[in-house]
Each structure stands twice: as C-alpha cells, then as structure tokens.
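Chemist: Following is a predicted model, sequence given first.
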Amino acid sequence: MENSFIVKTFRIKNLSCASTVLLLRDCLLMAGFLVHDIKPGFLVVSKEPSGNLVPELKQILSKYGLSIIENKEKQLVEEIKLAIFELIYQLNNVNSIIQRSDYLVEKLGRSYQSLSKVFSSNEDTTLEKYIIEQKIKRVRELIEEDEYTLSEIAYMMEYSSVQYLSNQFKKITGVSVSDYKKNL
C-alpha cells in the first residue's frame with residue numbers, strides 16, 4: 001500500500017513557550033498527526049490519510065489560543081514577537097551591550113524602521129510599546145517569584161535605575177511596585 005502522507009509546514013501564532021510546545025505536540029500525536037518538527041512559532045506535521053488536515057489542525061490549535069498564520073506580514077510580526085520573547089525571557093541581560101533594536105535587526109535581517117512599520121500596521125500598538133509591555137510583564141513575574149531584589153530585576157531587564165523601572169511599572173500597570181508586592 002502506498003504511503004499517503006503529505007508533510008506540511010505552518011507558522012503558528014502565539015506558540016512561544018516550551019510548555020505550550022510540549023502540550024501541543026502531545027495533543028497532535030493523540031489526534032493521529034505525525035509531528036516532524038515543532039518549536040516556537042513553527043510546526044511541521046503530516047497525517048494519514050492525506051486529506052485536508054488543515055481544518056482539524058485549526059480546531060486543535062484554537063483550543064489552546066493558537067492559530068495558523070497565513071499572511072507573510074503577520075508571519076513577520078510573529079517572528080518579531082518570538083525574538084522579543086527570546087530576548088526578554090531567555091537571554092535576560094546576557095549581553096547588555098546589545099540594544100534590543102540591534103538584536104531584532106540582526107535576528108530578522110531587516111531594518112528596525114521596517115520591522116516597526118510592519119508591526120504597527122498589523123498590531124494595535126507600536127513595537128516600542130509592545131517591548132515595554134513585555135518587559136513589564138516579565139518584571140511582574142520576577143517580582144512574584146521573589147528571588148531577586150528590585151535592583152537586580154532592574155539590571156536584568158536593562159533599566160538604568162530602580163526609579164525608572166518603578167515609574168514605567170506604574171505607568172503600564174497602574175499600580176506602584178510596592179503596592180503590587182503588597183497584594184501578592
């Protein structure tokens with residue numbers, strides 16, 4: 001009998017953390033998909049019979065707040081988001097000399113202005129505001145983990161001072177760092 005598998009590659013929106021990658025892989029395997037490769041933002045699968053696997057895949061993805069990205073600009077936006085996630089969550093000040101904009105330019109091979117324009121035209125915010133929001137989200141997580149001082153967190157997240165971090169934290173969240181800590 002001839003093998004009727006067709007391997008397809010997809011860009012996946014919101015597939016950014018390792019636990020979601022593992023969860024999705026297990027779910028796809030249970031649904032009869034063969035997972036050839038899966039990593040943040042990216043999925044290569046096949047399924048027998050080779051009929052249209054896209055509707056079933058979309059249904060599984062939607063259960064986890066994920067979706068297939070079909071538009072090239074939206075794929076670039078997702079690549080930008082993944083690069084920012086990597087920079088903020090995985091590299092945590094590994095090389096503080098590298099500016100975030102330089103990192104994005106090098107990682108994605110486009111000018112910062114080009115990346116910023118594509119991002120802003122596809123999202124409800126600017127690239128700069130998105131980066132700040134992601135940094136503050138990470139700061140909140142670090143505060144909740146209670147392993148670092150605010151000074152250490154400011155350094156890790158590349159703030160020039162605790163005061164600057166505190167001001168930006170309040171501007172984004174609406175509460176001061178001390179009030180946030182009290183309500184944990």
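Modeler: Received it, and whenever you're ready, just let me know what you need.

Chemist: residues in contact with the helix or strand of the chain with the lowest mean pLDDT?
Modeler: Sorted by mean pLDDT, DSSP states H and E, the helices and strands of the chain end with helix 100-108, the least confident at a mean of 88. Under the criterion CB atoms under 8 Å, 6 or more residues apart in numbering, residues 76, 79-80, 83-84, 87, 111-112, 115, 131, 158 lie in contact with helix 100-108. All C-beta spots, glycine's among them, are computed from the backbone N, C-alpha and C.

Chemist: Buried residues, the helix or strand following it. List them.
Modeler: Once helix 100-108 ends, the next helix or strand along the chain (criterion: DSSP states H and E) is helix 112-122. For helix 112-122, the neighbour count (16 or more other CB atoms under 10 Å) marks 112, 115-116, 118-120 as buried.

Chemist: Report the distance from helix 112-122 to the chain centre.
Modeler: 16 Å (CA atoms, centre = their mean, to the nearest Å).

Chemist: Send me it as CSV with only the CA atoms.
Modeler: Extracted C-alpha coordinates of helix 112-122, given in CSV (Å, rounded to 0.1, in the frame of the first residue of the first chain):
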residue,chain,number,x,y,z
TYR,A,112,14.4,48.4,12.7
GLN,A,113,12.2,51.0,10.8
SER,A,114,10.9,48.3,8.5
LEU,A,115,10.2,46.0,11.4
SER,A,116,8.5,48.7,13.4
LYS,A,117,6.3,49.7,10.4
VAL,A,118,5.1,46.2,9.7
PHE,A,119,4.5,45.6,13.4
SER,A,120,2.5,48.7,13.9
SER,A,121,0.4,48.1,10.8
ASN,A,122,-0.6,44.6,12.0
